[in-house]
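J.: requesting a structural model of the entry that follows:
(one chain, ligands or ions: 1)
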Amino acid sequence: MSDGNGAEQAGAGLKTAGLQPAGLQTAGLPTAGRDPGGRAPAPGSLRLIQALVNTSAIEFDRELLGSTSAAAQWLAAAGLLPPSAQLAEPELRALIELREAIRDVLAAHNAGWPDHAAASRLTMALTCSRLAVTVDPAGDVRLTSADHDPFTRVVGAIAAVIAEAAATGTWSRLKSCPGHLCGWAFYDRSSAGRSRWCSMQLCGSRNKMRSYRDRSRPS
Ligand SMILES: [Zn+2]
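T.: Numbering: from 1, shown residues only. Modelled structure (predicted):
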(Lines give C-alpha, C1' and ligand atoms only; values in the text may rest on other atoms or scores of the structure.)
Protein backbone atom coordinates (compact mmCIF):
# COMPACT_ATOMS: atom_id res chain seq x y z
CA MET A 1 0.00 0.00 0.00
CA SER A 2 1.31 3.47 -0.79
CA ASP A 3 2.14 5.89 1.95
CA GLY A 4 0.84 9.42 1.30
CA ASN A 5 3.62 11.09 3.27
CA GLY A 6 6.29 9.09 1.51
CA ALA A 7 4.92 10.10 -1.87
CA GLU A 8 4.94 13.75 -0.80
CA GLN A 9 8.54 13.53 0.34
CA ALA A 10 9.55 11.87 -2.90
CA GLY A 11 7.74 14.64 -4.79
CA ALA A 12 9.67 17.31 -2.90
CA GLY A 13 12.89 15.91 -4.34
CA LEU A 14 11.69 15.86 -7.96
CA LYS A 15 13.94 17.51 -10.45
CA THR A 16 12.56 20.63 -12.06
CA ALA A 17 14.72 20.61 -15.20
CA GLY A 18 12.83 21.61 -18.35
CA LEU A 19 11.43 18.99 -20.66
CA GLN A 20 13.07 20.51 -23.71
CA PRO A 21 16.33 19.20 -25.20
CA ALA A 22 19.59 20.52 -23.72
CA GLY A 23 21.57 23.19 -25.55
CA LEU A 24 18.78 25.54 -26.63
CA GLN A 25 19.75 29.20 -26.90
CA THR A 26 16.87 31.48 -26.06
CA ALA A 27 18.40 34.89 -25.36
CA GLY A 28 19.55 37.34 -28.00
CA LEU A 29 18.20 35.43 -30.98
CA PRO A 30 17.93 37.52 -34.15
CA THR A 31 14.43 38.82 -34.88
CA ALA A 32 13.03 40.97 -37.70
CA GLY A 33 12.57 43.96 -35.41
CA ARG A 34 12.61 45.22 -31.85
CA ASP A 35 9.87 44.38 -29.40
CA PRO A 36 7.50 47.35 -29.41
CA GLY A 37 6.16 48.85 -26.23
CA GLY A 38 9.09 47.78 -24.04
CA ARG A 39 7.49 44.46 -23.17
CA ALA A 40 9.66 41.86 -21.42
CA PRO A 41 10.17 38.72 -23.50
CA ALA A 42 8.49 35.39 -22.82
CA PRO A 43 9.97 33.46 -19.88
CA GLY A 44 12.41 30.56 -20.24
CA SER A 45 12.53 28.51 -23.39
CA LEU A 46 9.24 29.98 -24.64
CA ARG A 47 11.34 32.93 -25.74
CA LEU A 48 12.65 30.70 -28.51
CA ILE A 49 9.13 30.29 -29.93
CA GLN A 50 8.53 34.03 -29.64
CA ALA A 51 11.77 34.75 -31.52
CA LEU A 52 10.91 32.16 -34.20
CA VAL A 53 7.52 33.79 -34.86
CA ASN A 54 9.21 37.19 -34.93
CA THR A 55 11.69 36.20 -37.64
CA SER A 56 9.29 37.91 -40.01
CA ALA A 57 7.91 41.44 -39.87
CA ILE A 58 5.26 41.62 -42.57
CA GLU A 59 4.74 45.36 -42.30
CA PHE A 60 8.43 46.11 -42.86
CA ASP A 61 8.90 43.30 -45.41
CA ARG A 62 11.67 41.76 -43.29
CA GLU A 63 12.20 38.00 -43.41
CA LEU A 64 15.07 36.29 -41.59
CA LEU A 65 14.20 32.84 -42.94
CA GLY A 66 14.25 33.89 -46.58
CA SER A 67 16.63 31.18 -47.82
CA THR A 68 17.76 27.72 -46.75
CA SER A 69 21.14 29.08 -45.64
CA ALA A 70 19.63 31.99 -43.66
CA ALA A 71 17.18 29.61 -41.95
CA ALA A 72 19.93 27.09 -41.13
CA GLN A 73 21.98 29.93 -39.63
CA TRP A 74 19.07 31.04 -37.44
CA LEU A 75 18.36 27.49 -36.27
CA ALA A 76 22.07 27.02 -35.47
CA ALA A 77 22.05 30.25 -33.42
CA ALA A 78 19.09 28.80 -31.48
CA GLY A 79 21.05 25.61 -30.82
CA LEU A 80 18.50 23.64 -32.82
CA LEU A 81 20.81 22.61 -35.68
CA PRO A 82 24.56 21.90 -35.74
CA PRO A 83 26.45 24.92 -37.17
CA SER A 84 27.46 23.09 -40.36
CA ALA A 85 24.02 21.60 -41.09
CA GLN A 86 22.15 22.52 -44.25
CA LEU A 87 18.43 22.76 -44.88
CA ALA A 88 16.66 21.50 -47.99
CA GLU A 89 13.94 23.57 -49.71
CA PRO A 90 11.07 21.33 -48.48
CA GLU A 91 12.42 21.68 -44.93
CA LEU A 92 12.49 25.47 -45.26
CA ARG A 93 8.87 25.38 -46.46
CA ALA A 94 7.96 23.11 -43.50
CA LEU A 95 9.70 25.52 -41.10
CA ILE A 96 7.80 28.52 -42.47
CA GLU A 97 4.55 26.55 -42.29
CA LEU A 98 5.33 25.66 -38.66
CA ARG A 99 6.09 29.31 -37.83
CA GLU A 100 2.86 30.54 -39.40
CA ALA A 101 0.85 27.74 -37.76
CA ILE A 102 2.25 28.87 -34.40
CA ARG A 103 1.35 32.49 -35.24
CA ASP A 104 -2.25 31.40 -35.95
CA VAL A 105 -2.52 29.68 -32.57
CA LEU A 106 -1.03 32.74 -30.85
CA ALA A 107 -3.71 34.81 -32.59
CA ALA A 108 -6.33 32.45 -31.14
CA HIS A 109 -4.81 33.01 -27.66
CA ASN A 110 -5.45 36.70 -28.25
CA ALA A 111 -8.95 36.28 -29.61
CA GLY A 112 -9.94 34.26 -26.55
CA TRP A 113 -12.10 31.68 -28.31
CA PRO A 114 -11.28 28.26 -29.78
CA ASP A 115 -9.91 28.26 -33.32
CA HIS A 116 -10.20 24.73 -34.66
CA ALA A 117 -8.44 25.48 -37.95
CA ALA A 118 -5.43 27.01 -36.18
CA ALA A 119 -5.21 24.11 -33.72
CA SER A 120 -5.31 21.54 -36.53
CA ARG A 121 -2.76 23.46 -38.58
CA LEU A 122 -0.24 23.47 -35.71
CA THR A 123 -0.95 19.85 -34.80
CA MET A 124 -0.24 18.89 -38.42
CA ALA A 125 2.95 20.96 -38.52
CA LEU A 126 4.24 19.21 -35.39
CA THR A 127 3.14 15.75 -36.36
CA CYS A 128 6.51 14.61 -37.73
CA SER A 129 8.32 15.44 -34.46
CA ARG A 130 8.28 11.83 -33.13
CA LEU A 131 8.62 13.01 -29.53
CA ALA A 132 9.74 10.45 -26.99
CA VAL A 133 10.43 10.64 -23.27
CA THR A 134 14.10 10.10 -22.50
CA VAL A 135 15.54 9.54 -19.04
CA ASP A 136 19.23 10.14 -18.40
CA PRO A 137 21.32 8.51 -15.65
CA ALA A 138 21.13 11.68 -13.52
CA GLY A 139 17.35 11.30 -13.42
CA ASP A 140 16.52 14.17 -15.79
CA VAL A 141 13.50 13.52 -17.98
CA ARG A 142 13.23 15.21 -21.37
CA LEU A 143 11.06 15.15 -24.43
CA THR A 144 13.23 14.61 -27.50
CA SER A 145 12.64 13.47 -31.03
CA ALA A 146 13.23 9.75 -31.46
CA ASP A 147 14.36 10.49 -35.04
CA HIS A 148 17.97 11.05 -36.15
CA ASP A 149 17.09 13.39 -38.99
CA PRO A 150 18.33 16.89 -37.97
CA PHE A 151 15.24 18.75 -39.20
CA THR A 152 12.85 16.31 -37.51
CA ARG A 153 14.80 16.97 -34.31
CA VAL A 154 14.30 20.72 -34.83
CA VAL A 155 10.54 20.18 -35.00
CA GLY A 156 10.79 17.88 -31.97
CA ALA A 157 12.61 20.52 -29.93
CA ILE A 158 10.00 23.16 -30.83
CA ALA A 159 7.20 20.73 -29.93
CA ALA A 160 8.89 20.01 -26.58
CA VAL A 161 9.14 23.73 -25.76
CA ILE A 162 5.45 24.20 -26.58
CA ALA A 163 4.49 21.15 -24.47
CA GLU A 164 6.48 22.45 -21.52
CA ALA A 165 5.01 25.95 -21.81
CA ALA A 166 1.51 24.47 -21.92
CA ALA A 167 2.28 22.39 -18.82
CA THR A 168 3.62 25.40 -16.90
CA GLY A 169 0.74 27.70 -17.95
CA THR A 170 2.76 30.18 -20.00
CA TRP A 171 1.72 29.05 -23.51
CA SER A 172 -1.65 30.80 -23.52
CA ARG A 173 0.01 34.12 -22.64
CA LEU A 174 2.13 34.09 -25.77
CA LYS A 175 0.00 35.97 -28.29
CA SER A 176 0.26 37.47 -31.74
CA CYS A 177 -0.89 41.01 -32.34
CA PRO A 178 -4.07 41.39 -34.44
CA GLY A 179 -2.94 44.81 -35.75
CA HIS A 180 -3.13 45.37 -39.51
CA LEU A 181 -0.03 43.71 -41.10
CA CYS A 182 1.42 43.12 -37.62
CA GLY A 183 1.20 39.59 -36.18
CA TRP A 184 4.14 40.29 -33.84
CA ALA A 185 4.44 37.75 -31.01
CA PHE A 186 4.42 39.22 -27.50
CA TYR A 187 4.17 37.81 -24.01
CA ASP A 188 1.20 39.07 -22.00
CA ARG A 189 2.29 39.74 -18.40
CA SER A 190 -0.82 41.72 -17.45
CA SER A 191 -2.56 40.47 -14.33
CA ALA A 192 -5.83 39.72 -16.15
CA GLY A 193 -4.04 38.26 -19.18
CA ARG A 194 -6.10 40.38 -21.56
CA SER A 195 -3.43 42.37 -23.41
CA ARG A 196 -4.43 42.60 -27.04
CA TRP A 197 -1.86 44.69 -28.92
CA CYS A 198 1.91 44.35 -29.28
CA SER A 199 1.92 47.99 -28.20
CA MET A 200 -0.99 50.22 -27.24
CA GLN A 201 0.90 53.21 -28.72
CA LEU A 202 1.36 51.50 -32.09
CA CYS A 203 -1.23 48.92 -33.08
CA GLY A 204 -3.70 49.88 -30.34
CA SER A 205 -3.94 53.53 -31.37
CA ARG A 206 -3.81 52.70 -35.08
CA ASN A 207 -6.79 50.43 -34.57
CA LYS A 208 -8.65 53.21 -32.75
CA MET A 209 -7.98 55.59 -35.67
CA ARG A 210 -9.06 52.94 -38.17
CA SER A 211 -12.33 52.32 -36.27
CA TYR A 212 -12.92 56.07 -36.02
CA ARG A 213 -12.40 56.50 -39.78
CA ASP A 214 -14.74 53.58 -40.50
CA ARG A 215 -17.43 55.10 -38.27
CA SER A 216 -17.10 58.59 -39.77
CA ARG A 217 -17.19 57.40 -43.39
CA PRO A 218 -20.47 58.47 -45.04
CA SER A 219 -22.66 55.46 -45.74
ZN1 LIG B 1 1.04 44.98 -33.39
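
J.: hey, let's count contacts and neighbours off CA atoms from now on
T.: Will do.

J.: dump the residue contacts of the nearest residue to G179 once chain neighbours are set aside.
T.: Using CA to CA, 6 or more residues apart in numbering and skipping the chain neighbours, the partner closest in space to G179 is C203 (5.2 Å). Residues near C203 by CA atoms under 8 Å, 6 or more residues apart in numbering: 177, 179-180, 182, 197.

J.: do T55 as well
T.: If you count contacts by CA under 8 Å, 6+ apart, T55 has them with 30-32, 62-65.

J.: show me how far stretch 210-218 is from its chain's centre.
T.: Stretch 210-218 sits 35 Å away from the centroid of its parent chain (CA atoms, centre = their mean, to the nearest Å).

J.: typed the wrong thing, it's stretch 190-201
T.: On the basis of CA atoms, centre = their mean, stretch 190-201 sits 18 Å off its chain's mean C-alpha point.

J.: those helices in this protein, which residues are they?
T.: For the chain, the helices defined by DSSP state H occupy 4-12, 46-53, 68-77, 89-111, 116-126, 150-168, 205-216.

J.: E63 - nearest residue in space that isn't next to it in sequence?
T.: S56 (4.5 Å).

J.: and for A107?
T.: Counting by CA to CA, 6+ apart, the residue nearest A107 is S176, at 4.9 Å.

J.: can I assume the one you found is in contact with S195?
T.: No - when contacts are counted by CA atoms under 8 Å, S176 is not listed as touching S195 (10.3 Å).

J.: run a quick neighbour tally on A119.
T.: For A119, the count of nearby residues is 16 (other CA atoms under 10 Å).

J.: how about I162?
T.: Per other CA under 10 Å, the neighbour tally for I162 reads 21.

J.: give the contact list for it.
T.: Here I162 is in contact with 46, 49, 171 (criterion: CA under 8 Å, 6+ apart).

J.: report pLDDT for the first one.
T.: Among the per-residue scores, L46 shows a pLDDT of 96.

J.: how about the last one?
T.: Per-residue confidence for W171 comes out at a pLDDT of 97.

J.: list, one by one, the residues from this structure near the ion.
T.: Contacts of the chain with the ion, taken as CA under 5 Å from the ion, map to 177, 179, 182, 198, 203.

J.: can you redo the residues you listed as a markdown table with pLDDT?
T.: What follows is the residues of the chain next to the ion, written out as a markdown table (pLDDT from 0 to 100):
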| residue | pLDDT |
| --- | --- |
| C177 | 96 |
| G179 | 94 |
| C182 | 94 |
| C198 | 94 |
| C203 | 93 |
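
J.: just among those residues, which is most surrounded?
T.: Busiest of the residues of the chain next to the ion [other CA under 10 Å] is C198, holding 26 neighbours.

J.: and that one, how far is that from S120?
T.: Computed as CA to CA, to the nearest Å, the C198 to S120 distance reads 25 Å.

J.: so, low pLDDT: which residues of the protein?
T.: Within the chain, the stretches with pLDDT under 70 are 1-18, 218-219.

J.: ok, back up a step: hey, which of the helices of the chain is tucked in deepest?
T.: helix 46-53 (a mean of 24; mean count of other CA atoms under 10 Å).
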